[in-house]
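# Just to be clear, the model below is a prediction. Sequence and coordinates:
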Amino acid sequence: LEEGLIFEIGRTEVTGVDIPEPAPFKDRLGAHKRTAPLELPGLSEPEAMRHYVRLSRMNYGIDSGLFPLGSCTMKHNPRLNEKMARLPGFADIHPLQPLSTVTGALELMAELSRYLLELTGMKAVALTPKAGAHGELCGMMAIKAAHAARGEAQRNVVLVPESAHGTNPATAALIGYEVRSIPARADGTVDPEAVKAALGPEVAALMLTNPNTCGLFERDVVAIAEAVHQAGAYFYSDGANFNAILGKVRIADLGVDAMHINLHKTFSTPHGGGGPGAGPVVLSEALAPFAPVPALVATADGLVLVEDEGSAGAEQALGRMSAFHGQMGMFVRALSWMLSHGADGMRQASEDAVLSANYVRACLMDVMSAPFAERPAMHEALFDDAWLAGTGISTLDIAKALIDEGYHPMTVYFPLVVHGAMLIEPTESESKASLDLFLSALRDLAMAAKAGDKERFLGAPHYAPRRRLDETRAARAPVLRWVRPEPLPNAAE
Amino acid sequence: LEEGLIFEIGRTEVTGVDIPEPAPFKDRLGAHKRTAPLELPGLSEPEAMRHYVRLSRMNYGIDSGLFPLGSCTMKHNPRLNEKMARLPGFADIHPLQPLSTVTGALELMAELSRYLLELTGMKAVALTPKAGAHGELCGMMAIKAAHAARGEAQRNVVLVPESAHGTNPATAALIGYEVRSIPARADGTVDPEAVKAALGPEVAALMLTNPNTCGLFERDVVAIAEAVHQAGAYFYSDGANFNAILGKVRIADLGVDAMHINLHKTFSTPHGGGGPGAGPVVLSEALAPFAPVPALVATADGLVLVEDEGSAGAEQALGRMSAFHGQMGMFVRALSWMLSHGADGMRQASEDAVLSANYVRACLMDVMSAPFAERPAMHEALFDDAWLAGTGISTLDIAKALIDEGYHPMTVYFPLVVHGAMLIEPTESESKASLDLFLSALRDLAMAAKAGDKERFLGAPHYAPRRRLDETRAARAPVLRWVRPEPLPNAAE
Amino acid sequence: MRYLPLTPDDRAEMLARIGVPSVDDLFADIPAAQREHELPRLPLHKSEMEVERALSRLAAKNVPAGSVPFFVGAGAYRHHVPASVDHLIQRSEFLTSYTPYQPEIAQGTLQYLFEFQTQVAELTGMEVANASMYDGSTAAAEAVLMAHRVTKRRKALLAGNLHPHYRATIETVSRYAADDVVALAPVPTGGEDIIAAIDAGCSCVVVQSPDVFGNIVDLKPIAEAAHKAGALLIAVFTEAVSLGLIEPPGAQGADIVAGEGQSIGNALNFGGPYVGLFATRQKFVRQMPGRLAGETVDAEGRRGFVLTLSTREQHIRREKATSNICTNSGLCALAFTIHMSLLGKTGLTRLARANHAAACDLADRLAAVPGASVLNDTFFNEFTLRVPDKATDVVEKLAARGILGGVPYSRLAPKAGLDDLILVAATETTTQDDRAAFAAALKEVL
Amino acid sequence: MRYLPLTPDDRAEMLARIGVPSVDDLFADIPAAQREHELPRLPLHKSEMEVERALSRLAAKNVPAGSVPFFVGAGAYRHHVPASVDHLIQRSEFLTSYTPYQPEIAQGTLQYLFEFQTQVAELTGMEVANASMYDGSTAAAEAVLMAHRVTKRRKALLAGNLHPHYRATIETVSRYAADDVVALAPVPTGGEDIIAAIDAGCSCVVVQSPDVFGNIVDLKPIAEAAHKAGALLIAVFTEAVSLGLIEPPGAQGADIVAGEGQSIGNALNFGGPYVGLFATRQKFVRQMPGRLAGETVDAEGRRGFVLTLSTREQHIRREKATSNICTNSGLCALAFTIHMSLLGKTGLTRLARANHAAACDLADRLAAVPGASVLNDTFFNEFTLRVPDKATDVVEKLAARGILGGVPYSRLAPKAGLDDLILVAATETTTQDDRAAFAAALKEVL
């Protein structure tokens, strides 16, 4: 059974919501009553339930199986956290109701901040950014504000390693920085000498992902940070891979000035098919004064939420990132995860994540090719497509064939610095038995690929809700919404 | 990917629940400490989540599609009801906490009773029975108690029509009644003359399902009831098919003395793969005094829960059906459904259910054979297998082939009075579009069967999580639990 | 109405297809004199928001266990249920499915029932278990009926310390089935001599452990005596968690075990729905009531599960069935089996230990209150407190102080003449503060 | 730890396979001087029950909207969300999935996003919409950036009655991107003359309707003036439900619509997560930020959906991307689209009517309170109340009486010198009793 679109199965005269009709009244809409058509189909509740249940069954989630998407940290999402986020005391409070009626919410934000600061060793945290890229934007604005405050507004260049997430250069460019790329050295990490060579009075910051997107810890990070600081620039660290080092190193000790933290990665708020996330930014002493509003300030009278730029406690604030206080729903979930794990569990989690990634790499080294394997991997295992040479099978084909084995594919073609990259991040949530099953499926595929069983790969996936989809066609003449088909001219019936 | 048993994937040393270790203490277990082995495997939470999500995906529910299981009334289960049943004020109260702390619960039970009595016109309701069959038991005990109180304990026969649900004779037999079968007349209903002929001083009651299992309303029910009463017996009505007549007739007006109401059918508490259900019994004036304890009694001081047989308000009580007050969780859901529908919605629901069943029958009459079709169907449409004669395809094969079309099969081989019966109950929850899709699938199958496409049927289902299962093997040497396999003798590794 | 998909146009089209002018024609078989032409005298349909408001108002009149120090047990126990359990049982494919009559598309239900049966057998130390009963009390009543079938005798001997409501449930069905029941008098301090009452007419001896007063009972000698007399031992429990720490009935010679499984995975729900656990020996399996999931293979030889031995059941055997049961407690069994899978041996043992520790601490605190005494030598998470006043008054006074302090035994058995006993339970959900508050309040009250 | 499946034995085996003696060896690249050998100075792991207790304690310190008469709006609105919505978004396959990069196993997400895009386009009266933004305010800021790209100008003109937080969000990003912003002064009674401020340097005019004071704005003349000057009209709304009753911006000439979708399907959540709605004209689609789901076919010719036009996005174009956005509000968009599917045209219109009726009734009641006046000629479900005292004091006094009576405008814009205005909202969730209680309390307070 194929599932139609709501526009095909619903009707505008149907509704799945009962709403009592108000007593007659005089409206205050003036001349502004809607006259435009409103072609919104309705579904009765049973129809809606079935439609979305069926759609869900065409999806794959962590609860369906291993989700080894490198750089995305798809870990278990505890349902306790969902339950906590739905407590009326968190879900049913308004961002603008009197602060005296939300003291528990402020305490929760303060407690979350305390945990983030303890885990990073940083000085301040801005909770409001709504996702990782938004956090980057916030951190880079803080850097720009700090330079401006120091009278160094001329600094207009940001250094970004080749292997960086695309958000890094996009963020820097968004606020007018020129992006200068830093090549990686042969072992997959950034050469401090290359950074030094690129630094100068025009450089505002270095943006570095650490552990980097090749799954390696930037072992010269301290030297790099020193060089950056010596040149009068700031060190922005992309925290997307924080899961590898949680409780193992405090990033403040590495010389980081700003780092965003993806609560939806490291702290397990669910990805929900693409969001919502949350991207709090931790800041060093140098950048702390520039945190945006609203900001939570501890005073003698308790916690105060400073909502306005320029007012006491926010004299140098960089401005406002969004309308309200940030992703409260995610804060609750993340804190719930942190309290559940505790200091011991969080450290264990990162150790298990790293252990699992290294195990994956160790078990596949003989059948696939792993660049930079002379160094321990962090939380993800990187492979390239050298081992596929001559088979006529590509990284993408491997990914699609993995779907037929019942798995979500790994990240492919990222990082760009490696040819035909396959990036596998198992996270700490998998049992050894689950890893072994996955590894055996992947080994089996690798053997089959080398043995030249091309049909298994080129036509994959065979067993998914859809065969391979034509992305080119979608992009060439984009169909981005449903439009009622023209009735056939002879459609008498 | 096949999903193993928890005994295969779990390990006794693993647990998915953190429990703080208590401070050292002196135990009071005496000599009773457990020494027996306890081979219960544990799963970490991520493993458990995945195991049960995967199991669920091998199931079919109403939310997956049409569930036309005749006699089972698989209608939409509103999620509001689930939410209401989980309010701490209902889910987190104990049956034995002081009554002063559960006045809202008692009010809810009283309100549910009021609705049930208004809808049936009966005098009293016993809420405690835990399912339909349990309600039958309760009702038949009340009848036995009433006869005993009248000094007519000699009445030891219960009349049951051939087409009755199996629970009817089983219930009667359980409390020592001899079951005497009443044949149906040619039009599928019970002949009042046959009942009269079978009545006598030894007859305690007639148990009649109405609408009956052929999907017909017993149009002579009033005459039958009169005959039963005239013979000094009681009239028990099986309420399994109450959905057809909700708001259309008050069963008290038909002369019913007792009827159980499956809250999980008519009032939509979810079936949950086989339960829990709830089977309150409504009683006529004659039987009301014999309701079991605990019973809710309205007094001048408010609602009183009479918990003890023989005490004021329960002098003639038939006894106790179970430890506590009944299926509170189901009461909340059922009342929520009733309040949502209201008088108008409930009546509309039964009209739509009946309309849909008649529509199904009308649309299939030309390709399948429908016995008793000269009368309007009630909420289900009955077919037999005459139309399959000579095809080599059976009712069961049709059912299994329907699975391949994405549907749950109808009830098959019930009622027993019709050969190769197929009983389709669409309920009021289906849209016309959904019915039409189903009908076209079934018509298509009917054509294919007549065209002799045997492979499509005999091998079905082809596209389910399992092909046809060997039930004979299961029954011959029952394997009812997992047992750890003996290790292979040479299993050095 | 939000739950009804048909529109007036749809209805008109369908009537036309059927060939009748109005929907009333479809109800023509209901005698005209009885047919209702008016709506029931009940309110009209309400919006979701209105229903939620109405029911929330009722819920708010109750005192939830989690909102106060809470020590009520006597057959139902408040435990912490992991959030994942409730999430999983609400999966549409579990919640909205039916009894797995079509096994090919019900393997989810069938496999978890098979896992459940194995867990129950293992927990109770028995060979086989069924796929659940309504609750513990009805399971006990079914156990008695089964013992009658197995032994072809019709007299049940009930221990005096069996939960009075279980006793009443057994007595009720026995009375109407014209079977005999002999019930002994309660002995709150334990150690009742049931063996002396066993005779050759008994089909079974029904003993609860921990008993209603909390005493742990040595079942072995009772089993031996029963077997010598040709009777079965039916072991009953109301607190499944206890089996994590105490010797299971299967290891002590029980022939049938009937217990309440609510403790694992299920909320208090004011008494229902709960889940009856039922286990027995392999040799009695064809006399067992209730559904059974069994292993088999499909047409391709893959392992699969089906409902089996249904020839015992009412829908096949009608008046010759072993029981009239049709509905079970599938979803509650699912909650049980998920929670138990999360616990495993390690977790269950720890959970049981946390319960026992809490109860021991509470017993010590309450025993230290002047006027109060704890009667038990042994107990698991519940014990009996003797108070100098009427237990019902004490419990009410405690409730007025915001403490739900247990169940007066006299509420369960008003005619037993035991008016000064309170059954007091403590689980892992009671905190030290809760227990201290109870002791302090008891001191004030006595 | 309940969330970590590896056992000590597993870890030892895995280390052996890797060939290192201890897990610390895997962290060898972290400089020894910086590596942490101690645990963070935070509490150890806690049981689920303990975490639940700790967080419930915090939650209990807040006053939930549902527990009091509640009239707070100003950009976030309390509506009733059907229980089925929250149930469905918690389906594992939705909740625990990722951005649909592998479309063959993400058709569920992609199809609902396609449906969502269509609904948003239809609701706003625009041609195309994206798959959601973080929230309304960031959507508005992205709209300004997009207008700069389309017009190749860099000056935005903001209406004075734009929500001050939206204004601040736009100003912040503009400041760092070195773009110009001209913001007019607020005119609480509406009718501000923004047309006069439009000049040939403007890339866009940003106008909110209903505006922050609740006034409904006639966008048509503004659109005409903007277009004449070569600028785009960006229409902003914070209450999506209003579009069920009032003329949508698309029908009035808007080029980009940026709005908050929280009202439909999403809880208040103390400000987040919400869902930004973003719609525009077909011709601007390649300048649009954010994800897009598009229709295509699979290898067998069946209809399917994919993320498309990703060449605009950062993961492909890096510093040349149209936006740095990566995460969207997928799950909130799902909640929106489910709720909207349930409503349909009929339900949305009724819902909007119920809101408007409640607000009209409230406005009449409050206007009748001596000393108070309602400023608006037109409004939807929110209006502005002028009080004789400081608005912040009045709101605090109302809160002390258990009424959450709205938002002082001065809280949003402390420097605007408008200290006597309260923004008051009423939705379908306010009852007549609530509204009467508000009026009575206001009378006491003034």
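Nice, thanks for sending it over.
# what's the straight distance from one end of stretch A:52-63 to the other?
End-to-end distance for stretch A:52-63: 17 Å, by Cα to Cα, to the nearest Å.
# Strands along the stretch 301-450 of chain A, start to end?
For the stretch 301-450 of chain A, strands defined by DSSP state E, counting those that start in this stretch occupy the ranges A:302-306, A:381-383, A:411-412, A:422-424.
# which of these sits most buried?
strand A:381-383 (a mean of 29; mean count of other Cβ atoms under 10 Å in any protein chain shown). The C-beta positions use only the backbone N, C-alpha and C, and glycine is treated the same way.
# Give me the average confidence score over it.
For strand A:381-383, mean pLDDT is 97.
# Contacts for stretch A:351-360, please.
Residues outside stretch A:351-360 that contact it (Cβ atoms under 8 Å, 6 or more residues apart in numbering or on different chains): A:68, A:75, A:215, A:243-244, A:248, A:376-381, A:424-428, A:430, A:435, A:439, D:4, D:6, D:11, D:14-15, D:17-18, D:20, D:23, D:26-27.
# near chain D, which residues of the stretch 201-350 of chain C?
Along the stretch 201-350 of chain C, the residues adjacent to chain D under the rule Cβ under 8 Å from any Cβ of the partner chain are C:Leu342.
# can you list the residues of chain A near chain B?
A:1, A:9, A:18, A:44-47, A:49-50, A:53-54, A:57, A:62-65, A:76, A:78-79, A:340, A:405-406, A:429-431, A:433-434, A:437.
# any idea how far C:Leu342 lies from A:Thr427?
To A:Thr427, C:Leu342 is 20 Å away according to Cβ to Cβ, to the nearest Å.
# Looking at the two, which one has more neighbours?
When C:Leu342 and A:Thr427 are compared for neighbours, C:Leu342 comes out ahead with 29 against 26, by other Cβ atoms under 10 Å in any protein chain shown.
# quick one: contacts for A:Thr171?
Going by Cβ under 8 Å, 6+ apart, the list of residues near A:Thr171 reads A:Ala133, A:Glu136, A:Leu137, A:Met140, A:Met207, D:Asn324.
# Mind checking the pLDDT average for the host helix or strand of it?
Assigned by DSSP states H and E, A:Thr171 falls within helix A:167-174. Mean per-residue pLDDT for helix A:167-174: 92.
# and that helix, C-alpha only, in PDB?
Written as PDB, here are the backbone C-alpha positions of helix A:167-174 (Å, rounded to 0.1, in the frame of the first residue of the first chain):
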ATOM      1  CA  THR A 167      29.200  25.500   8.700                       C
ATOM      2  CA  ASN A 168      32.600  26.900   9.800                       C
ATOM      3  CA  PRO A 169      33.400  28.800   6.600                       C
ATOM      4  CA  ALA A 170      29.700  29.600   6.000                       C
ATOM      5  CA  THR A 171      29.400  31.200   9.500                       C
ATOM      6  CA  ALA A 172      32.600  33.200   9.100                       C
ATOM      7  CA  ALA A 173      31.500  34.400   5.700                       C
ATOM      8  CA  LEU A 174      28.100  35.300   7.000                       C
END
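# can you list the weak-confidence ranges in the chain?
Since you didn't name a chain, this refers to chain A. A:488-493 (pLDDT under 70).
# thinking again about what came up before, could you dump the strands of the stretch 301-450 of chain A into a markdown table with distance to D:Ile170 added?
Listed next are the strands of the stretch 301-450 of chain A as a markdown table, based on distance: least, Cβ to Cβ, whole Å:
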| stretch | distance to D:Ile170 |
| --- | --- |
| strand A:302-306 | 20 |
| strand A:381-383 | 40 |
| strand A:411-412 | 34 |
| strand A:422-424 | 37 |
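# So which of these is nearest chain C?
The minimum distance between chain C and these falls on strand A:302-306, with 24.9 Å, by Cβ to the nearest Cβ.
# Adjacent strands (with direction) for the closest one?
Strand A:302-306 pairs in its sheet with strand A:295-299 (antiparallel), by DSSP bridges.
# in which helix or strand would I find C:Met146?
Going by DSSP H and E, C:Met146 is in helix C:136-151.
# what residues does the following helix or strand past that helix touch?
Heading C-terminal from helix C:136-151, the first helix or strand you meet, by DSSP H and E, is strand C:155-158. Defining contact as Cβ under 8 Å, 6+ apart, one finds that strand C:155-158 is touched by C:144, C:147-148, C:167, C:170, C:174, C:179-184, C:194, C:197-198, C:201-206, C:231.
# what's the first-to-last distance across stretch A:177-190?
21 Å.
# contact partners of the longest strand seen in chain A?
In chain A, taking DSSP state E as the definition, the longest strand is strand A:203-209. By Cβ under 8 Å, 6+ apart, the residues outside strand A:203-209 that reach it are A:136, A:140, A:143-144, A:147, A:155-161, A:163-165, A:168, A:171-172, A:177, A:180, A:182, A:190, A:195, A:199, A:218, A:221, A:224, A:228, A:231-238, A:240-241, A:257.
# show me what contacts C:Arg41?
Contacts of C:Arg41 (Cβ under 8 Å, 6+ apart): B:Glu118, B:Ala343.
# Which of the helices or strands spans C:Val206?
Short version, using DSSP H and E: C:Val206 is in strand C:202-208.
# What count of nearby residues applies to A:Arg185?
A:Arg185: 13 neighbours (other Cβ under 10 Å).
# From chain B, how far off is it?
37 Å (Cβ to the nearest Cβ, to the nearest Å).
# Give me the spatial nearest neighbour of that residue, chain neighbours excluded.
Once flanking residues are discounted, A:Arg185 sits nearest to A:Asp191: 4.3 Å by Cβ to Cβ, 6 or more residues apart in numbering or on different chains.
# Give the helix, strand or coil label for C:Ser323.
coil (DSSP: H, G, I helix; E, B strand; the rest coil).
# That one contacts C:His148, correct?
No. Counting by Cβ atoms under 8 Å, C:Ser323 stays clear of C:His148, with 12.0 Å between them.
# Neighbour count: these two, which is higher?
Using other Cβ under 10 Å, the more surrounded residue of C:Ser323 and C:His148 is C:Ser323, with 24 against 21.
# Buried residues, stretch C:328-348. List them.
C:328-348 (16 or more other Cβ atoms under 10 Å in any protein chain shown).
# Return the nearest residue of the stretch 51-200 of chain C with respect to chain D.
C:His80 (4.3 Å).
# how far away is the closest residue to C:Ala391 other than its chain neighbours from B:Arg155?
Spatial nearest neighbour of C:Ala391, chain neighbours left out: C:Pro408 (3.5 Å); criterion: Cβ to Cβ, 6+ apart. Per Cβ to Cβ, C:Pro408 is found 40 Å from B:Arg155.
# same thing with C:Arg435?
56 Å.
# For the residue nearest to C:Ala231 when sequence neighbours are not counted, list the residues it contacts.
Spatial nearest neighbour of C:Ala231, excluding adjacent residues (Cβ to Cβ, 6+ apart): C:Cys202 at 4.1 Å. Counting by Cβ under 8 Å, 6+ apart, C:Cys202 makes contact with C:Arg153, C:Lys155, C:Ala156, C:Leu157, C:Val182, C:Ala226, C:Ala229, C:Gly230, C:Ala231.
# And for the fifth one, nearest residue in space, chain neighbours not counted?
If you skip the residues right next to it in sequence, C:Val182 has C:Leu157 as its closest partner in space, 5.0 Å away by Cβ to Cβ, 6+ apart.
# Please list all residues in contact with residue 129.
Using chain A. Here A:Pro129 is in contact with A:Gly135, A:Leu137, A:Cys138, A:His260, A:Ala278, A:Gly279, A:Pro280, A:Val281, A:Met321, A:Ser322, A:Gly326 (Cβ under 8 Å, 6+ apart).
# try again with chain C
If you count contacts by Cβ under 8 Å, 6+ apart, then C:Ala129 has B:Leu480, B:Arg481, C:Phe116, C:Gln117, C:Thr118, C:Val120, C:Ala121, C:Leu277, C:Phe278, C:Ala279, C:Thr280 around it.
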